[in-house]
Each structure stands twice: as C-alpha cells, then as structure tokens.
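In: Below is the sequence, then the predicted model.
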Amino acid sequence: MTVTVAAASSEHVPAILALLEEMDQFYGDTTKGSSEERARQLRDALFGDPPAAHALVAVDGEELVGVASWTFLWPAVGLTRSLYLKELYVARSRWRSGVGTVLMRAIFEVAAKHQCSRVEWTTDVDNHNAQQFYAELGVQQLTSKLFFRADAAAIERGLK
C-alpha cells in the first residue's frame with residue numbers, strides 16, 4: 001500500500017462525492033439532490049470564497065480511498081484555535097488497511113502547523129469500529145460533553 005495524502009482539489013470532486021455517497025449509505029442516509037447539485041455543494045464548501053471547510057484526500061495509485069474534512073474553531077483554550085474533524089471516511093474496501101491512520105496523522109500535522117491547541121471530533125455511539133479505531137490511536141474519549149443539533153426544520157422555525 002502506497003497511500004499519499006494531499007489537500008483536496010477541484011479535480012477530486014467526483015471521487016470525493018462518490019466516497020461521501022458511500023458514507024451516506026453506511027450511515028443509512030439517503031442521498032438527496034442530483035449528482036450535479038451535490039457536486040456544486042461540495043465545490044462551494046471546499047473551494048468557495050471563503051471555503052466552509054477544508055479536506056485532505058488519501059490516494060492509492062489513481063484511486064481515492066479516504067477523505068478527512070475539517071474546520072477551525074475559535075476560541076479554544078487560551079484563545080487558540082482548535083481543529084474540528086467533521087468527517088473521516090475510508091472506502092469500505094480499505095477498512096483496517098491503515099488509510100485512516102495515515103489521514104489522522106495528516107490531520108494532526110495540519111493542527112500542529114496552525115498551532116491548534118486541540119483536535120476534536122465525534123462519532124456515533126453505535127459506530128463501534130470507529131470507537132475502536134480512535135481508542136487504538138491512544139486519544140482520550142470525553143464523556144463530559146453533550147452534543148446538540150438543530151436540524152433544518154428547527155433552523156427554519158427559529159427560536160420560538
């Protein structure tokens with residue numbers, strides 16, 4: 001396995017889209033919108049002005065086999081910034097092959113380069129494979145935080 005990690009570019013959009021659709025299927029979500037609409041959303045998020053997120057891709061030969069997307073959050077401890085890892089996904093055919101570890105190392109390198117005081121992320125409580133993967137990385141699981149989400153309907157309703 002010769003996996004290389006690089007910043008996502010617009011050339012990667014079709015392959016990232018396919019990988020994220022696989023991720024949606026894994027989580028039981030239905031792909032919404034046309035392929036063209038989803039590609040536009042992805043391009044706007046990663047390459048818009050300003051970008052809403054950043055992404056790294058893991059490539060083996062010509063095949064995109066993983067993606068990690070993140071944003072920076074501020075403030076973190078001491079008025080520093082933190083890196084929030086929104087998604088880490090490896091093609092199902094490549095699970096347990098080391099691709100996730102390569103991507104996590106690259107994410108930590110990005111965090112160090114930007115002097116982040118933390119890298120944070122969440123995983124679903126029933127995603128035991130992800131939990132095992134993160135435990136094997138030796139990172140701390142926090143139990144002191146609760147995760148809240150307002151979905152599109154709640155946003156539309158506002159705080160009434």
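Out: Nice, thanks for sending it over. Keep in mind that this is a model prediction, so the values were computed, not measured.
In: Just want to check the distance between residue 131 and residue 75.
Out: According to C-beta to C-beta, to the nearest Å, residue 131 and residue 75 sit 28 Å apart. C-beta coordinates here come from the backbone N, C-alpha and C atoms, glycine included.
In: more crowded one of those two?
Out: A side-by-side neighbour count of residue 131 and residue 75, using other C-beta atoms under 10 Å, places residue 131 first with 14 against 10.
In: Now the more buried one: which helix or strand?
Out: Assigned by DSSP states H and E, residue 131 belongs to helix 128-137.
In: For the helix or strand following that helix, enumerate the helices and strands it packs against.
Out: Next helix or strand after helix 128-137 toward the C-terminus (DSSP H and E): helix 152-157. Judged by 3 or more C-beta pairs under 8 Å, 6 or more residues apart in numbering; DSSP states H and E, helix 152-157 is in contact with no other helix or strand.
In: my read is residue 105 is in a helix, agree?
Out: Yes: remark: residue 105 belongs to a helix, assigned using DSSP: H, G, I helix; E, B strand; the rest coil.
In: Contact partners for residue 110?
Out: Neighbour list for residue 110: 54, 56, 70, 83 [criterion: C-beta atoms under 8 Å, 6 or more residues apart in numbering].
In: Give me the subset of the residues you listed lying in strands.
Out: Among those, the members found in strands (DSSP state E) are 54, 56, 70, 83.
In: SS state for the spatially most central residue of the chain?
Out: Geometric centre of the chain, nearest residue: residue 87, 1.9 Å, by C-alpha atoms, centre = their mean. Put simply, residue 87 is strand when judged by three-state DSSP.
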